[in-house]
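*Asks:* fold the following.
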Amino acid sequence: MIMAEEKKQTCQLCSFRNPKGTATAVILMDNKLLLLKRKQEPYKGRWDLPGGFMKEGETPEETIRREISEELEVEIIGLIPLRPILGTHEWQGEIFPVLSHFFLVEIKEKSQIKLNEESSEFSWISLKEINPGEVFPDSNRKMVLWLKERFIFDINQLKELVKQLDSSAEIREYSIYRAILNGYIAKKYDGEELIGMGWIFPRQTLLRKQAVVEDMIVDEAYRGKGYGWAILQDLINWARENGIEVIELTSHPKRVAANELYKKAGFQLHETNHYLYRIDKE
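*Replies:* Numbers count the residues shown, from 1 in each chain. Okay, here's the model as predicted:
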């Protein structure tokens, strides 16, 4: 009688349509997304993202580390959660729901990728040019659409622009993606040429919800034409829409035009001692 009851409960459990958990990697290089061509069913011959199903007792983070090691034989040096996406998967003619946990993954040696038996080839495809309809399953397709809306930029143009702000700055691609994820980047273009940008990120203190404006720059050839004002207003509007109470920024006193711009926009000089502690110099 007990065995029959246990079997009944097991059958009921099997009939539940709970989504199965997966972990999937978004790996980028020069704004190109790493895609794998499946060698096996399901989706044989289709483009896929690295990743797989979670095993019993695994967290999504543990799953993605295991899958990257198995599928690519490379080491993960950076891991940032993106967002979970509901989708479906297919196996032996059955379609079932999945909950895909996506991660922005930085790997150590992109040139050392070695595929296992699940994939026949890999390719780095520009986010700008990639066709989401060619990526499977549907949760991966949704992620590609999400990336195309947020992560497309010309990294070389951005580097050249930032050099005008700080010639010694070293721009790492994954730092740009983190900045996008942690806040908001306002950008201005002349055609396809990036001519100005500014970054703002939220910061919750004990007293209020604040935001900090960083790395605001307009190309030298376009200064004095209102682009700085437009970028700053874009950042202020973002802060307003996100419930920010106070916006903070710093500017060197020698940047006369920039300081006048901030005052014109309503920023007030806050007299305080601004200290920096360089941990990298210890």
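*Asks:* quick one: end-to-end distance for stretch 17-30.
*Replies:* Stretch 17-30 has an end-to-end distance of 40 Å (CA to CA, to the nearest Å).
*Asks:* repeat for stretch 41-50
*Replies:* Length of stretch 41-50, first residue to last, CA to CA: 15 Å.
*Asks:* can you give me the buried ones in it?
*Replies:* 43, 47-50 (16 or more other CB atoms under 10 Å). Where C-beta positions appear, they are placed from N, C-alpha and C, glycine not excepted.
*Asks:* what does that stretch rub up against?
*Replies:* Residues from elsewhere that reach stretch 41-50, judged by CB atoms under 8 Å, 6 or more residues apart in numbering: 24-27, 33-38, 67-68, 71-72, 89-91, 105, 119-120, 123, 134-137, 140, 143.
*Asks:* just the ones of these in helices?
*Replies:* Assignment to helices by DSSP state H places the following of these there: 67-68, 71-72, 140, 143.
*Asks:* which single one of those is nearest to residue 200?
*Replies:* Taking CB to CB as the measure, residue 143 is the one of those closest to residue 200, at 24.9 Å.
*Asks:* so the closest residue to the closest one other than its chain neighbours versus residue 173, what's the distance?
*Replies:* The shortest distance from residue 143 to any residue that is not its chain neighbour, by CB to CB, 6 or more residues apart in numbering, is 5.4 Å, and that residue is residue 102. Taking CB to CB, to the nearest Å as the measure, residue 102 and residue 173 are separated by 18 Å.
*Asks:* which one of these two has more residues nearby?
*Replies:* The residue with more neighbours, out of residue 102 and residue 173 and counting by other CB atoms under 10 Å, is residue 102; that gives 26 against 16.
*Asks:* quick one: strands adjacent to the helix or strand containing that one?
*Replies:* Residue 102 belongs to strand 94-107 when assigned by DSSP states H and E. For strand 94-107, sheet partners with direction are given as strand 20-26 (parallel), strand 76-91 (antiparallel), following DSSP bridges.
*Asks:* CA atoms only: put the longest one into CSV for me.
*Replies:* The C-alpha atoms that make up strand 76-91 are tabulated as CSV, following Å, rounded to 0.1, in the frame of the first residue of the first chain:
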residue,chain,number,x,y,z
ILE,A,76,36.5,31.3,-16.6
ILE,A,77,38.0,34.5,-15.2
GLY,A,78,34.9,36.6,-14.9
LEU,A,79,31.2,35.8,-14.3
ILE,A,80,28.3,38.2,-14.1
PRO,A,81,24.6,37.2,-13.9
LEU,A,82,22.6,38.7,-16.7
ARG,A,83,19.0,37.7,-16.5
PRO,A,84,16.9,34.5,-16.4
ILE,A,85,14.7,33.8,-19.5
LEU,A,86,11.8,31.5,-19.8
GLY,A,87,11.7,29.3,-22.9
THR,A,88,11.3,25.8,-24.2
HIS,A,89,13.5,22.9,-25.2
GLU,A,90,13.0,19.9,-27.3
TRP,A,91,14.0,16.3,-26.7
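*Asks:* mean confidence score for that strand?
*Replies:* In this model, strand 76-91 has a mean pLDDT of 95.
*Asks:* and what of stretch 144-163?
*Replies:* 93.
*Asks:* SS state for the residue nearest to the spatial centre of the chain?
*Replies:* What sits nearest the mean C-alpha location of the chain, by CA atoms, centre = their mean, is residue 177, with 4.8 Å. Three-state secondary structure (criterion: DSSP: H, G, I helix; E, B strand; the rest coil) places residue 177 in helix.
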